[in-house]
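J.: Quick one: sequence and predicted model below, then my questions.
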Amino acid sequence: MATLYLRDTHTTLTDPDAIAAHLAPLGIQYERWAADRPLPEGASADEVLAAYAAPIAKLKQQGGFVTADVIDIKPDTPNLGAMLAKFKSEHWHDEDEVRFTLAGRGIFHLHLESGVIAVEVVAGDLLRVPRGTHHWFDLCSERRIRAIRLFQQISGWAPHYTETGVDAGYAPLCLGPA
């Protein structure tokens with residue numbers, strides 16, 4: 001389950017209900033999801049999307065999402081360093097960013113008016129970050145994450161980099177179990 005780090009107050013939350021309750025007033029959605037059926041190791045993207053069809057359909061209806069896909073990042077992903085460099089720079093999007101983690105783990109840093117918080121996501125965690133929210137993402141030490149992404153536009157979203165340098169002051173935590 002996720003771990004919420006309130007970076008500026010050095011507080012950590014691990015209870016899913018407490019995390020959801022803390023994030024909801026900030027406009028950030030956190031949920032735990034389960035597949036409709038067991039998934040084999042290495043399931044195809046189509047199998048994954050079929051297994052999570054019901055919660056995906058619900059989220060599409062709630063948030064105006066039109067498409068979903070599966071991203072699979074591993075230590076041997078070509079050009080991984082360049083890809084991660086793009087994720088690790090503070091940015092925002094014109095649409096909500098939605099990630100449901102299937103495997104691996106990573107950390108979303110969210111730069112809010114109240115300060116910077118970080119959410120470490122693991123398998124079963126859904127995180128929906130509202131459009132316009134300044135954030136950045138990094139993988140944990142395993143350098144592995146597989147996730148369902150949802151998009152409100154078929155073309156997907158494009159990052160708008162802030163270039164404030166805030167992200168440089170916050171190293172990834174990833175303190176939870178691997």
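T.: Yep, that arrived.

J.: Which secondary structure state is assigned to the residue most central in space within the chain?
T.: Centroid check for the chain by Cα atoms, centre = their mean gives residue 99 as the closest residue, at 4.3 Å. Secondary structure, DSSP: H, G, I helix; E, B strand; the rest coil: residue 99 is strand.

J.: Quick check: chain neighbours aside, which residue is closest to it?
T.: residue 147 (4.7 Å; Cβ to Cβ, 6 or more residues apart in numbering). To be clear about C-beta, it is placed using only N, CA and C from the backbone, and glycine gets the same treatment.

J.: you'd agree that neighbour is up against residue 68?
T.: No. Between residue 147 and residue 68 there is no contact under Cβ atoms under 8 Å: 10.5 Å.

J.: Those two - which one has more neighbours?
T.: A side-by-side neighbour count of residue 147 and residue 68, using other Cβ atoms under 10 Å, places residue 147 first with 23 against 20.

J.: Let's verify the more buried one: helix, strand, or coil?
T.: strand.

J.: The one 3 residues further on now?
T.: The three-state label given to residue 150 by three-state DSSP is strand.

J.: neighbouring contacts of the helix or strand bottoming out on mean pLDDT in the chain?
T.: The weakest-scoring helix or strand in the chain, judged by mean pLDDT, DSSP states H and E, is helix 80-87 (a mean of 88). Helix 80-87 has contacts (Cβ atoms under 8 Å, 6 or more residues apart in numbering) with 73, 77, 136, 137, 138, 139, 143, 159.

J.: cutoff 6 Å now
T.: residue 137 (Cβ atoms under 6 Å, 6 or more residues apart in numbering).

J.: And the next helix or strand past it?
T.: strand 91-92 (DSSP states H and E).

J.: Can you name every helix or strand that that following strand contacts?
T.: Contacts defined by 3 or more Cβ pairs under 6 Å, 6 or more residues apart in numbering; DSSP states H and E place strand 91-92 against strand 160-161.

J.: Return the set of buried residues in the helix or strand residue 137 falls within.
T.: Assigned by DSSP H and E, residue 137 falls within strand 134-139. Using 16 or more other Cβ atoms under 10 Å as the test for burial, strand 134-139 gives 134, 135, 136, 137, 138, 139.

J.: picking that back up, what are the bridge partners for the residue nearest to the centre of the chain, then?
T.: Taking DSSP bridges as the rule, residue 99 bridges to residue 127, residue 149.

J.: Please tell me I have it right and it contacts residue 145.
T.: No. Using Cβ atoms under 6 Å, residue 99 is not in contact with residue 145, being 8.5 Å away.

J.: Now stretch 1-12: buried residues?
T.: Buried, per 16+ other Cβ under 10 Å, within stretch 1-12: 2, 3, 4, 5, 7.
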